[in-house]
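Asks: Any chance you can model this:
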Amino acid sequence: HTDVLHTDVLHTDVLHTDVLHTDVLHTDVLHTDVLHTDVLHTDVLHTSRFWHCRSQRWCEELRRDDGKRGFGWCWSGVGWCWSGVGWCQSGQQLGVKAVVLVGGEGTRLRPLTDTRPKQLLPIVGVPMIERVVEGLAGSSVEEVVLSLGYRPDAFLGRYGRGDVHGVPVRCVVEPEPLDTGGAIAFAVRQAGIDSTFVAVNGDVLSDLVLSDLVATHRRCGGQATLALVTVRDPSRFGVVVTASDGRVEAFVEKPPDGRAPASTVNAGCYILEPTVLDRVPSGRRVSVERQIFPELVDEGVLFARVGSEYWLDTGTPEAYLQAHQDLLQGRRGPLPAPGATCRGAGLWACGEVHVGGAVTGGSFVGAGSTVAYGAEVIASSLGAQVTVEAGASLQESVLLDGARVGAGARVGGSIVGAGAVIGAGAQVAAASVIGDGATVPAGDVLYGARVPAALVR
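Replies: Reported below is the predicted structural model:
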């Protein structure tokens, strides 16, 4: 039964329904091989896109525009949204905005972060923040708000206007450090966000399915829903204990080693209602992990969903190196970087490169870089204009743009900053971090060292 059924395109091989009751059903595109519903009842259902689908799945109770509840069918790969409300499956529209926290100083990655924000460090040639936004774009988040604090001009110069991966990006700058809760509240108020939104940490790389997290949030009806992951060592994270219905029973921020009550931890991705931020006074430093979440636990309005997708906190040198390996070894997608092409077994490159030596094990060589005859590069990432001289050896390392490794030098499991020089015959290993423009003298041996940048700009 319908009073108005309007569609520009309705294409289906099988459309089966026992009861369809609506006053207004409007869609521009409805394309499906199988559409089956027992009951669909709504006063206003409006969608501009209704994607192609093949497999059907029951969708949770859905809040409509008028605040009532409706029921319907949802399909894998299908979704609709309107006015910030909707449901969908992986890769489709969510109708929500995202706040990305990028204000931290990145102290664990110094000296690299003495000269740039952590989120502008490249991950196989692509700034970390762009890989984070790429994941949000894949879930069709409608806008990204970058909450800036440390070295904001570096972001403003790149992302002050325009979009990233087709998603509009807006930058807001904290007047002073406000901690996580204060930063989220400041960004939301500056951007005028007044509906359910996503907040994510800008130094976490993940393949979390946001649509599943949004669906959990709407089903549970809480004030906030956390994405959780299971880790071996939970002592570095916020540990979350949940009941069988997903309600959070305890939130313990960074418990002592060996005393964590669970192995499920805060993944740094939250679905939040704006009312949560009523707890954050304007301009006040507030930690969402240590102050807001425990309050929500006490009130029984904090929920969580445990995911099994790829997830990595890139905040340490070891984790930053791991992020590169996961791309180079094909654990995240078929290409390590946009535009990369395979130039032989184990060699990916962008643009014109000069490779005379052996490059193996899944390595990336950036445009304009040179690997001299007699050099060896194994499972490493080289930025643009990098030089590896004859007899040098790199293994599971990252060299940023313009770095140079002298003849006979060895670099293993370490990071060499932009424009830095490793002298002939030197050895750099064990997660050493060499700052931008620094020089390691010929013949020096460094293990787990931090060498300051030559110039802090």
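
Asks: Which element is encountered next along the chain beyond the helix or strand containing residue 296?
Replies: Secondary structure from DSSP states H and E places residue 296 in helix 293-299. Using DSSP H and E, the next helix or strand after helix 293-299 towards the C-terminus is strand 302-306.

Asks: For the helix holding residue 296, enumerate the helices and strands it packs against.
Replies: Helix 293-299 sits against strand 224-230, strand 248-253, with contacts defined as 3 or more Cβ pairs under 8 Å, 6 or more residues apart in numbering; DSSP states H and E. For glycine as for every other residue, the C-beta is placed from the backbone atoms N, C-alpha and C.

Asks: got any ranges where this structure has weak pLDDT?
Replies: Scanning the chain for pLDDT under 70 picks out 1-94, 455-457.

Asks: And the helices in it, which stretches?
Replies: 128-138, 152-159, 179-191, 210-220, 293-299, 317-328 (DSSP state H).

Asks: now do the same end-to-end measure for stretch 217-234.
Replies: End-to-end distance of stretch 217-234 (Cα to Cα, to the nearest Å): 24 Å.

Asks: what residue lies at the spatial centre of the protein?
Replies: The residue lying closest to the centre of the chain (Cα atoms, centre = their mean) is residue 132, at 3.2 Å.

Asks: so who does that residue touch?
Replies: 100, 119, 200, 202, 204, 205 (Cβ atoms under 8 Å, 6 or more residues apart in numbering).

Asks: The helices and strands packed on helix 293-299: which one's closest to residue 113?
Replies: Closest approach to residue 113 among those (Cβ to Cβ): strand 248-253, 22.6 Å.

Asks: follow-up on the earlier one: which one of the helices and strands packed on helix 293-299 lies nearest to residue 140?
Replies: Across the helices and strands packed on helix 293-299, closest to residue 140 is strand 224-230 (Cβ to Cβ), at 17.3 Å.

Asks: For the closest one, name the packing helices and strands.
Replies: Counting contacts by 3+ Cβ pairs under 8 Å, 6+ apart, strand 224-230 is packed against helix 210-220, strand 238-242, strand 264-272, helix 293-299, strand 302-306.

Asks: That strand pairs with which strands, parallel or anti?
Replies: strand 264-272 (antiparallel), strand 302-306 (parallel) (DSSP bridges).

Asks: Format those strands as a markdown table; extra columns: distance to residue 387 and mean neighbour count.
Replies: Listed next are these as a markdown table, based on distance: least, Cβ to Cβ, whole Å; neighbours: other Cβ atoms under 10 Å:
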| stretch | distance to residue 387 | mean neighbour count |
| --- | --- | --- |
| strand 264-272 | 37 | 25 |
| strand 302-306 | 46 | 23 |
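
Asks: before we move on, the earlier item: out of the helices and strands packed on helix 293-299, the one nearest residue 427 is which?
Replies: With respect to residue 427, and counting by Cβ to Cβ, the nearest of the helices and strands packed on helix 293-299 is strand 224-230 at 35.8 Å.

Asks: Tell me how far the closest one lies from the chain's centre.
Replies: Relative to its chain's centre, strand 224-230 lies at 14 Å (Cα atoms, centre = their mean, to the nearest Å).

Asks: again with stretch 191-203
Replies: Here the centre of stretch 191-203 is set off from its chain's centre by 13 Å, with Cα atoms, centre = their mean.

Asks: What residues of it count as buried?
Replies: 191, 193, 196, 197, 198, 199, 200, 201, 202, 203 (16 or more other Cβ atoms under 10 Å).

Asks: Which pair of those residues spans the longest distance?
Replies: Farthest-apart pair in the buried residues of stretch 191-203 is 196 and 203; separation 23.7 Å (Cβ to Cβ).

Asks: Take the buried residues of stretch 191-203 and lay them out in JSON lines including distance to residue 286.
Replies: Shown next, in JSON lines, are the buried residues of stretch 191-203 (distance: Cβ to Cβ, whole Å):
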{"residue": "191", "distance to residue 286": "18"}
{"residue": "193", "distance to residue 286": "17"}
{"residue": "196", "distance to residue 286": "20"}
{"residue": "197", "distance to residue 286": "17"}
{"residue": "198", "distance to residue 286": "19"}
{"residue": "199", "distance to residue 286": "13"}
{"residue": "200", "distance to residue 286": "18"}
{"residue": "201", "distance to residue 286": "16"}
{"residue": "202", "distance to residue 286": "18"}
{"residue": "203", "distance to residue 286": "20"}
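
Asks: Sort out which of those residues are in strands and list them.
Replies: The members of these that map onto strands under DSSP state E are 197, 198, 199, 200, 201.

Asks: what's the closest of the residues you listed to residue 233?
Replies: When these are compared against residue 233 (criterion: Cβ to Cβ), the nearest one is residue 201, at 18.0 Å.

Asks: ok now do the closest one, which residues does it touch?
Replies: Contacts of residue 201 (Cβ under 8 Å, 6+ apart): 100, 101, 268, 269, 313.

Asks: again, but for residue 412
Replies: Residues in contact with residue 412 (Cβ under 8 Å, 6+ apart) are 393, 394, 395, 396, 397, 428, 429, 430.

Asks: same deal with residue 107?
Replies: Going by Cβ under 8 Å, 6+ apart, residue 107 touches residue 113.

Asks: And for residue 150?
Replies: Contacts of residue 150 (Cβ under 8 Å, 6+ apart): 103, 104, 105, 106, 117.

Asks: Next, count neighbours for the third one.
Replies: Neighbour count of residue 105, defined by other Cβ atoms under 10 Å: 15.

Asks: gap between it and residue 138?
Replies: Residue 105 sits 29 Å away from residue 138, going by Cβ to Cβ, to the nearest Å.

Asks: Kindly report the same for the second one.
Replies: Using Cβ to Cβ, one gets 24 Å for the distance from residue 104 to residue 138.

Asks: For the nearest residue to residue 274 once chain neighbours are set aside, what are phi and psi?
Replies: Distance criterion Cβ to Cβ, 6 or more residues apart in numbering; nearest residue to residue 274, sequence neighbours excluded, is residue 194 at 5.8 Å. Phi and psi for residue 194, reported as degrees, to the nearest 10, are phi -130, psi 20.
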